[in-house]
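Undergrad: from the sequence below, what's the structure:
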Amino acid sequence: MDKTEIIKLQDYLRRKFGNQTIKLQPNPRRKEMIEVMIGDEQIGTLYKDVDEGETSYTVTISILDIDLEEE
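TA: The predicted structure is shown next:
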């Protein structure tokens, strides 16, 4: 994904979730993966899929059981 596409996706996620601290950053080791961050914490990953001329994006958010106990 190029920088323009990443910025568009980041703006979309910020609007959708009402959170201006969401940021997307490329993973230097895995070019196909974008890290989804809130502040300095990685909360998930984003992948792009192009199939038969149609583009979609998949966001995966992982929640550890120990994170649930923090509250």
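
Undergrad: just the buried residues of the top strand by length along the chain, please?
TA: Taking DSSP state E as the criterion, the chain has its longest strand at strand 41-51. By neighbour count on 16 or more other Cβ atoms under 10 Å, the buried set for strand 41-51 is Ile43, Thr45, Leu46. Yep, even glycine has a C-beta here, placed from its N, CA and C like the rest.

Undergrad: for stretch 9-27, same thing?
TA: Leu9, Gln10, Leu13, Ile22, Leu24.

Undergrad: need the max-distance pair from those residues.
TA: Comparing all pairs in the buried residues of stretch 9-27 by Cβ to Cβ, the longest separation belongs to Leu9 and Ile22, at 9.9 Å.

Undergrad: ends of stretch 13-25, how far apart?
TA: Distance across stretch 13-25, first residue to last, is 13 Å (Cα to Cα, to the nearest Å).

Undergrad: what's the distance between that stretch and the middle of its chain?
TA: Remark: stretch 13-25 is offset 9 Å from the chain centroid, using Cα atoms, centre = their mean, to the nearest Å.

Undergrad: all helices of the protein, in order?
TA: All helices of the chain, identified by DSSP state H, fall at 3-17, 65-68.

Undergrad: where does pLDDT dip in this protein?
TA: Applying pLDDT under 70 to the chain flags the ranges 70-71.

Undergrad: tell me which residue is most central in it.
TA: Residue closest to the average C-alpha location in the chain (Cα atoms, centre = their mean): Val36, at 3.2 Å.

Undergrad: roughly how far apart are the closest residue to that residue other than its chain neighbours and Glu52?
TA: Of all residues not flanking Val36 in the chain, Gly44 sits nearest, at 4.1 Å (Cβ to Cβ, 6 or more residues apart in numbering). From Gly44 across to Glu52, the span is 26 Å (Cβ to Cβ, to the nearest Å).

Undergrad: surely the residue nearest to the centre of the chain meets Asn19?
TA: No - in this structure Val36 lies outside contact range of Asn19 using Cβ atoms under 8 Å: 11.0 Å.
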